[in-house]
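In: prediction below, plus the sequence it came from.
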There are 4 protein chains.
Amino acid sequence: MQSRTPAGRTGRPRSAAADAAILAATRQALVELGWSRLTLGDVATRAGVAKTTLYRRWAGKHELVVDAVAELFDELELPDSGSLSADIEGVVLQFAAILARPEAKSGLMAAVAESTRDDALRERVRTSIVERQKRLVMEGRSRAQSRGELPPEPDPAEAARTADLIFDMVAGAVVHRTLVSGQPADEEWVRSFTRVLLQGLASA
Amino acid sequence: MQSRTPAGRTGRPRSAAADAAILAATRQALVELGWSRLTLGDVATRAGVAKTTLYRRWAGKHELVVDAVAELFDELELPDSGSLSADIEGVVLQFAAILARPEAKSGLMAAVAESTRDDALRERVRTSIVERQKRLVMEGRSRAQSRGELPPEPDPAEAARTADLIFDMVAGAVVHRTLVSGQPADEEWVRSFTRVLLQGLASA
Amino acid sequence: MQSRTPAGRTGRPRSAAADAAILAATRQALVELGWSRLTLGDVATRAGVAKTTLYRRWAGKHELVVDAVAELFDELELPDSGSLSADIEGVVLQFAAILARPEAKSGLMAAVAESTRDDALRERVRTSIVERQKRLVMEGRSRAQSRGELPPEPDPAEAARTADLIFDMVAGAVVHRTLVSGQPADEEWVRSFTRVLLQGLASA
Amino acid sequence: MQSRTPAGRTGRPRSAAADAAILAATRQALVELGWSRLTLGDVATRAGVAKTTLYRRWAGKHELVVDAVAELFDELELPDSGSLSADIEGVVLQFAAILARPEAKSGLMAAVAESTRDDALRERVRTSIVERQKRLVMEGRSRAQSRGELPPEPDPAEAARTADLIFDMVAGAVVHRTLVSGQPADEEWVRSFTRVLLQGLASA
DNA sequence: CATTAATCGAGACGGTACGTCAGGTCTTCCA
DNA sequence: TGGAAGACCTGACGTACCGTCTCGATTAATG
């Protein structure tokens, strides 16, 4: 997001409704067209807004799509199911459900692809999506620790590194399963994945 | 790849050298420009080839890039280091090294993004890259089983499912670490990752 | 010509300067390259205009060239030299001078060639060039009639037919002499032509 | 093309047949497509000939079309109708009939257009078509002179100039009427034209 | 309540790349 | 050894989308 009348206070203020309409139109266009066929002119038309209005708020296609997709992940919630493995299975299933939606799939990967060349975009992806959802790992781990399922972390730096690792393993596995292997991350798969994650390969 | 004079035997045959030149030029352009700024006209020029020659062999940018990138992964080899964890660390480091190369990064993710909408492209990604490298998992597991580090698989279907799971976990984690989190998959990270993969989260 | 914001009054209006620049660039390109080597991309570049601007106003090469060439003929004027034969000689010489210019020659014939297959184009040629210059025949005849050099026309329909015939004979002869026979329509030729036209073959 | 020549020994047994087939295919393509949409590849296909064969015999599209069209005019004949005006009317009607055929129209004018920039092509048009048909003027005039309808020419140079003038006037008028004005050169028009040509404008 | 200044929809603009097509040239194999 | 088949390079085509720029017309907040 990047509206809010910048500094000066005079003049007509930006329409708040336009932001929402544009993001919704972007998601709709992602569903119907996918990333590569989505055009900003079309998004503007769908949102009932002029292209100018769109460009006044977002720098380009990638930024807009990241914002439109990021909102989808905010509905993720860590269920309190009483055990670590059930917690993980629950959140992974939610994550998989979001990734299965067409408006998330292609937009997200395209943004990641472009972010390999565009530092500002990578930062935007990180702060809008990755860091924001890392909360789930932190919370799940602290619950598991208070339940005694996981040992406490003595070193905070080490704790952060481990959280990053877990996030990369969880998110990476689901994304790869869904988008690259093209298989559904269904309950059976999620159970197998969680078992390996918690108990290691030897358990498989 | 898709050259080789298809069926008829008449007429001038397709230049074998052109294929190689085009794929090399594609990788070079990926390094210099990244996916989004790469144009087929520019690739053709770099390869010393007419645009029409390029279009005669590949249907579009995505197909071309998948083929150009797929070749990179063929250099992966499973080291025989004597232990499963060392084998995994070795191959993951190799995989990370390839993914760190600019010609692999953005091209691969862009193809994955597009493949969410294009079944033929997803199939191409799967057969050219995913299935082809799954050999590493199969071979590593069978070695570990003969060493007694992993139990034998009684059910072949289950064995295949597990191989898929492992591949998704390994490839997914490295890709996510490298491209989404934007952090290097260095030796330290690979050691931590391998430990969790083999022994589970509780060991972390 | 076909600019002027059509009906709606919103949006940025079309640049009036662009029209003039494009037509001038077209004539310049005709001089330097001739019809067959003239490209719309080159014309756009010369005019300092994007190709899309050009295509927004003209449907294609033929239409553009007809408009560019038509302007040349607007400078034709019927001299009032006191006698019908002198009037004819004067205007035919002017016509020949225009046709001798390289920007008129090849463009005009190419448009005529294409117009044999394209009714809209033929209509454009007729209204932009032929009908517009037929005024010279009408005016010249009426002057000659008031001088008593030609009998008055009793029937208006017959008068129109005769005007058409005269125009075809004059324009056709000059065009054929200049472009097909490849000889200059100089003063001597114009005198001979005018004598035959006025007095018939027997006088030659 | 499938000519006999059993034990192909000498030069080019198919050559003659190929020439005719190519020219016929060219005319057929002109009828169906017109000049601008006619392609040499298509002509070769229609003629059952390889593009190579075609280019071995003609330098390009213009040359080929000139030759294909020139043949059409060879069927022109000067009728011996007993009077100059009837002779003229007869041959002009024949000429108009040829020009009305679609394979003549656009091909001829396109060649003329290009010949304004290409001296070799102009020469080819002149020798293949213009000079070849000028025979009709010479013969018609000499007949009229022997009938006493036209005075004899004392000066041969002047005679040649006059023949050129007449040819330009006749051919030019018919071409202009047919192609530019887009009106048929029918019997009525031909009568009017012939009267003006023979007796001058004042007679109209 | 008038002024002011930034907003809005609309759409033309300069660019750049697209994917296609035709013109001619060349290579290969066959008869 | 000529010819068909067809790949090749070149260069223009007409289109699409990008992101910018004018327009005239709205809107609040300010004065």
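Out: Okay, I see it.
In: residues contacting the residue in chain A positioned nearest to chain C?
Out: Chain C sits closest to residue A:50 of chain A, with a gap of 10.1 Å, by C-beta to the nearest C-beta. C-betas here are computed from N, CA, C, even on glycine. Counting by C-beta atoms under 8 Å, 6 or more residues apart in numbering or on different chains, residue A:50 touches residue A:44.
In: that one and DNA strand F, how far apart?
Out: For residue A:50, the distance to DNA strand F equals 7 Å [C-beta to the nearest atom of the strand, to the nearest Å].
In: of all the residues in the lengthiest helix in chain A, which ones are buried?
Out: Using DSSP state H to define each element, chain A has its longest helix at helix A:16-37. For helix A:16-37, a neighbour-count test (16 or more other C-beta atoms under 10 Å in any protein chain shown) marks A:18-19, A:21-23, A:25-31, A:33-36 as buried.
In: give me the angle between the helix or strand encompassing residue A:109 and helix B:102-115.
Out: Element membership for residue A:109, per DSSP states H and E: helix A:102-115. Helix A:102-115 runs at 170 degrees relative to helix B:102-115, counting by axes from the mean of the first three to the mean of the last three C-alpha atoms, to 10 degrees.
In: which elements pack onto the next helix or strand after helix A:102-115?
Out: Next along the chain after helix A:102-115, taking DSSP H and E as the criterion, comes helix A:119-125. Helix A:119-125 is packed against helix A:61-73, helix A:102-115, with contacts defined by 3 or more C-beta pairs under 8 Å, 6 or more residues apart in numbering or on different chains; DSSP states H and E.
In: tell me the angle the helix holding residue A:109 makes with helix B:16-37.
Out: 100 degrees.
In: run the chain-centre distance for helix A:102-115.
Out: Distance, stretch centre to chain centre, for helix A:102-115: 10 Å (C-alpha atoms, centre = their mean, to the nearest Å).
In: the nearest residue to residue A:124 once chain neighbours are set aside: neighbouring residues, count only.
Out: Residue nearest to residue A:124 in three dimensions, not counting chain neighbours: residue A:66, with 5.4 Å by C-beta to C-beta, 6 or more residues apart in numbering or on different chains. Close neighbours of residue A:66, defined as other C-beta atoms under 10 Å in any protein chain shown, add up to 23.
In: what sits against residue A:66?
Out: Contacts for residue A:66 (C-beta under 8 Å, 6+ apart) come out as A:107, A:111, A:121, A:124, A:125, A:128, A:129.
In: can you narrow these to ones near DNA strand E?
Out: When C-beta under 7 Å from any atom of the strand is taken as the criterion, no member of the contacts of residue A:66 contacts DNA strand E.
In: ok, so of those residues, who is nearest residue C:196?
Out: Of all these, residue C:196 sits closest to residue A:107, with 78.1 Å by C-beta to C-beta.
In: so the closest one makes contact with residue A:67?
Out: No: contact criterion C-beta atoms under 8 Å: residue A:107 and residue A:67 do not qualify, at 10.1 Å.
In: the two: who's more crowded?
Out: Taking neighbours as other C-beta under 10 Å, residue A:107 and residue A:67 compare with residue A:107 leading, 29 against 21.
In: quick revisit: between the contacts of residue A:66, which sits nearest residue A:166?
Out: Distances from residue A:166 to those, taken as C-beta to C-beta, are shortest for residue A:129 (16.2 Å).
In: find me the pLDDT at residue A:1, would you?
Out: For residue A:1, the model assigns a pLDDT of 43.
In: what's residue A:152 sitting at in phi/psi?
Out: Backbone torsions of residue A:152, given as degrees, to the nearest 10, read phi -70, psi 160.
In: how much space separates it from chain D?
Out: Distance of residue A:152 to chain D, given as C-beta to the nearest C-beta, to the nearest Å: 78 Å.
In: look up how far residue D:25 lies from that residue.
Out: Note on residue A:152: its distance to residue D:25, by C-beta to C-beta, to the nearest Å, is 89 Å.
In: please, which helix or strand holds the nearest residue in space to residue A:140 that is not next to it in sequence?
Out: Residue nearest to residue A:140 in three dimensions, not counting chain neighbours: residue A:87, with 5.2 Å by C-beta to C-beta, 6+ apart. Taking DSSP H and E as the criterion, the element that holds residue A:87 is helix A:84-100.
In: show me what counts as buried in that helix.
Out: In helix A:84-100, counting by 16+ other C-beta under 10 Å, buried: A:84-85, A:87-96, A:98-99.
In: reformat these as TSV; add pLDDT.
Out: Shown next, in TSV, are these (pLDDT from 0 to 100):
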residue	pLDDT
A:84	96
A:85	96
A:87	97
A:88	97
A:89	97
A:90	97
A:91	97
A:92	97
A:93	97
A:94	97
A:95	97
A:96	97
A:98	97
A:99	96
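In: returning to that earlier point: same list (the helices and strands packed on helix A:119-125) but as TSV, adding distance to residue A:55 and mean pLDDT.
Out: Putting the helices and strands packed on helix A:119-125 into TSV (distance: least, C-beta to C-beta, whole Å; pLDDT from 0 to 100) gives the following:
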stretch	distance to residue A:55	mean pLDDT
helix A:61-73	10	96
helix A:102-115	18	94
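In: what's the closest of the ones you listed to DNA strand F?
Out: Closest approach to DNA strand F among the helices and strands packed on helix A:119-125 is made by helix A:61-73 (5.0 Å; C-beta to the nearest atom of the strand).
In: list the residues that contact residue A:114.
Out: Counting by C-beta under 8 Å, 6+ apart, the residues that residue A:114 touches are A:62, A:121, B:34, B:35, B:36, B:106, B:110.
In: go again using 7 Å as the cut-off
Out: A:62, A:121, B:36, B:106 (C-beta atoms under 7 Å, 6 or more residues apart in numbering or on different chains).
In: what's the distance between it and residue D:146?
Out: 89 Å.
In: again, but for residue A:100
Out: On the measure of C-beta to C-beta, residue A:100 and residue D:146 end up 98 Å apart.
In: just the local confidence number for residue A:203, please.
Out: 75.
In: right, I mislabeled it, should have said residue A:13
Out: 89.
In: how about the one 5 residues further on?
Out: We have a pLDDT of 94 for residue A:18.
In: quick one: contacts for it?
Out: A:49, A:53.
In: tell me the residues of chain A that contact DNA strand F?
Out: Counting by C-beta under 7 Å from any atom of the strand, chain A sits next to DNA strand F at A:9-13, A:37-41, A:51-52, A:55, A:60-61.
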